[in-house]
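Chemist: Here's a sequence, model it:
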Amino acid sequence: MTSDPRPRATLWPKGRLYEDFHVGQTFDHHWGRTILEGDTTLFTTLTLSFNPLYFNRAYALAHGHPDIVVNPQLVFNVVLGLSVEDCSEIGGPFLGVFDLTYDRPVYPGATLTARSTTTETRISESNPANGIVTWRTEGFNEAGERVVGFRRSNLVRLRNPKRAA
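Modeler: Below is the predicted model:
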């Protein structure tokens, strides 16, 4: 005797709308993510990243690293992913990444955390029912050292687009 729970379910709103952001607002994204050796090996293989630093321990050691190097694109993807809940979970087109820098190598077993600061908000000229929000996102290792930084922008819905017109 089971009944369908969907009619009794409550939809919890997620994400932020344009009006929820202001310049200077900082988000310390929760959780963090430990990158395991299997994560970087699989990512490197699936993306055809044939740099031996990412999958050949002897090669990495011979070039002065203490272990294989986590593929930097994986580092970027993890940090970007950590920022989604606070910055862009509600959706809206992703408009790009700018000024991407890698500050230091990451090795398997590192736990990454992320922080984003809102750097710009403006109403879209071509689509005034939406705004464009830009954040500066930084990723850190467990020692608090910055490992990656970038700016990114999203188109974000206005709460009441008729008022903006």
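Chemist: so where's the chain uncertain?
Modeler: By pLDDT under 70, the weakly predicted segments of the chain are 1, 163-165.
Chemist: so the most centrally placed residue in it, which of the three states?
Modeler: Centroid check for the chain by C-alpha atoms, centre = their mean gives Leu80 as the closest residue, at 1.0 Å. Going by DSSP: H, G, I helix; E, B strand; the rest coil, the secondary structure assigned to Leu80 is helix.
Chemist: So it versus Phe150, what's the distance?
Modeler: In this view, Leu80 and Phe150 are 8 Å apart by C-beta to C-beta, to the nearest Å. Bear in mind the C-beta positions are built from the backbone N, C-alpha and C, glycine included.
Chemist: quick one on the thing from earlier: need the contact list for the residue nearest to the centre of the chain.
Modeler: Residues touching Leu80, when contacts are defined by C-beta atoms under 8 Å, 6 or more residues apart in numbering, comprise Val97, Thr137, Phe150, Arg152.
Chemist: Likewise for Asn127?
Modeler: Contacts for Asn127 (C-beta under 8 Å, 6+ apart) come out as Leu155.
Chemist: ok but Tyr59 is inside a helix, no?
Modeler: Yes. Tyr59 forms part of a helix when assessed by three-state DSSP.
Chemist: and the nearest residue to it once chain neighbours are set aside, how many neighbours does it have?
Modeler: On the basis of C-beta to C-beta, 6 or more residues apart in numbering, the spatially nearest residue to Tyr59 that is not a chain neighbour turns out to be Pro52, at 4.1 Å. Using other C-beta atoms under 10 Å, Pro52 has 15 neighbouring residues.
Chemist: okay but Pro52 is in contact with Ala60, surely?
Modeler: Yes. In this structure, Pro52 is within contact of Ala60 by C-beta atoms under 8 Å, at 7.5 Å.
Chemist: Between these two, which contacts overlap?
Modeler: Contact criterion C-beta under 8 Å, 6+ apart; residues shared by Pro52 and Ala60: none found.
Chemist: Can I take it that Glu19 is in a helix?
Modeler: Yes. Using three-state DSSP, the secondary structure at Glu19 is a helix.
Chemist: what's the spacing between it and Tyr107?
Modeler: 41 Å.
Chemist: Please apply the same query to Val75.
Modeler: Using C-beta to C-beta, one obtains 11 Å as the distance from Val75 to Tyr107.
Chemist: Would you state the strands of the protein in chain order?
Modeler: Assignment of strands within the chain using DSSP state E yields the ranges 26-34, 94-102, 111-123, 130-140, 146-157.
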